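[1] Using only what follows, build the 3D model:
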Amino acid sequence: MYTGKQLGDAIKTAIELKGVRKADVARAFAIKPPSVTSWIQTGRVDKAHIDKLVSYFADVVKPEHFGIGAFEDNEVLFNGFKIPLLSWIDAAKQLDRKTLPVASNIWVPALRKPSAQAFALEIKGDSMEPEFTAGDKIVVEPELPVQHGNFVVVRESGNEAMFKQYVSEGNRHYLKPLNNRYPIIEMSEQFHICGIVTEKFKIYI
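    As a prediction, the model looks like this:
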């Protein structure tokens, strides 16, 4: 992978091609906007963000854009992994099951090897724009521990699952839409997290 100025220039170009602001990128990575500026200026990116960097810009550039050639070493190649695409109703029911519904016969590719419980969903609506738009496919891992800033799939009681960003402030927990036209929801004991979103794919055809 590129380092220094080469990586900084690659990130700057990817941001321009994607048509987003540094603030949008920062929000997607749950970091502060100055950190994105630092990426561009220094070419130093925390290893924890590398996979997501490739995934986030996958709709506009290939991994080679960031100087990633040995894909297997970086675990960012489509290695034949696939995940069942569920409906949002089935995603809500998934919390009560140990195995996925067998009915799903539509599959979504994954960059990294998923767990046996992983599933995919297709984005509906615009509450998570600009990072997630209708038609995007997201990969959900039900057994990962939730942390502040994670994107999560959540259900409230017996309702259909929904997709938001998890925000933790002291003893209070919130579900935050990225589109500021929608309200932030305070979580209660009626909310249950179905899984953490780990990847996103945009399918054109």
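[2] Give me the local confidence score for Lys137.
    pLDDT recorded at Lys137 is 89.
[3] Can you give me the buried ones in the longest strand along the chain?
    Among the segments of the chain that qualify as a strand by DSSP state E, the longest is strand 191-201. Buried residues in strand 191-201, counted by 16 or more other Cβ atoms under 10 Å: 191, 193-201. Glycine gets a C-beta too; all of them are placed from N, C-alpha and C.
[4] Of these, just say which sits nearest to Val54.
    Nearest to Val54, judged by Cβ to Cβ, of the buried residues of strand 191-201 is Glu199 at 9.9 Å.
[5] Against Trp39, how distant is the residue lying closest to that closest one once chain neighbours are set aside?
    Leaving aside its chain neighbours, Glu199 sits nearest to Val139 (4.0 Å; criterion: Cβ to Cβ, 6 or more residues apart in numbering). When distance is defined by Cβ to Cβ, to the nearest Å, Val139 is 24 Å away from Trp39.
[6] Show residues contacting the longest helix along the chain.
    Among the segments of the chain that qualify as a helix by DSSP state H, the longest is helix 4-18. Helix 4-18 has contacts (Cβ atoms under 8 Å, 6 or more residues apart in numbering) with 1-2, 21-22, 25, 36, 39-45, 53, 57, 59-61, 65-67.
[7] Enumerate every residue touching Glu129.
    178-179.
[8] if we can go back for a sec, so which of the contacts of helix 4-18 are in helices?
    Among the contacts of helix 4-18, DSSP H puts 22, 25, 36, 39-42, 53 in helices.
[9] Pull out the buried residues from the residues you listed.
    In these, burial by neighbour count holds for 22, 25, 36, 39-40, 53, counting by 16+ other Cβ under 10 Å.
[10] Which single one of those is nearest to Tyr166?
    Nearest to Tyr166 among these, counting by Cβ to Cβ, is Val25 at 18.7 Å.
[11] That closest one and Pro130, how far apart?
    10 Å.
[12] same deal with Tyr2?
    Distance of Tyr2 to Pro130, computed by Cβ to Cβ: 26 Å.
[13] ditto for Lys47
    Counting by Cβ to Cβ, the separation of Lys47 from Pro130 is 26 Å.
[14] between these two, which one's more packed in?
    The residue with more neighbours, out of Lys47 and Pro130, is Pro130; 15 against 7, by other Cβ atoms under 10 Å.
[15] tell me the phi and psi of the more buried one?
    Here is the backbone geometry of Pro130 (degrees, to the nearest 10): phi -90, psi -10.
[16] Show me the shaky parts of this protein.
    69-80, 94-105, 202-205 (pLDDT under 70).
[17] can you pull out the strands in it?
    Ranges of strands in the chain, per DSSP E, are 82-84, 107-109, 119-122, 137-141, 151-156, 162-169, 172-176, 185-186, 191-201.
[18] mind putting these in TSV, distance to Ile15 included?
    Below are the strands of the chain laid out as TSV (distance: least, Cβ to Cβ, whole Å):
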stretch	distance to Ile15
strand 82-84	28
strand 107-109	25
strand 119-122	26
strand 137-141	21
strand 151-156	19
strand 162-169	20
strand 172-176	22
strand 185-186	29
strand 191-201	16
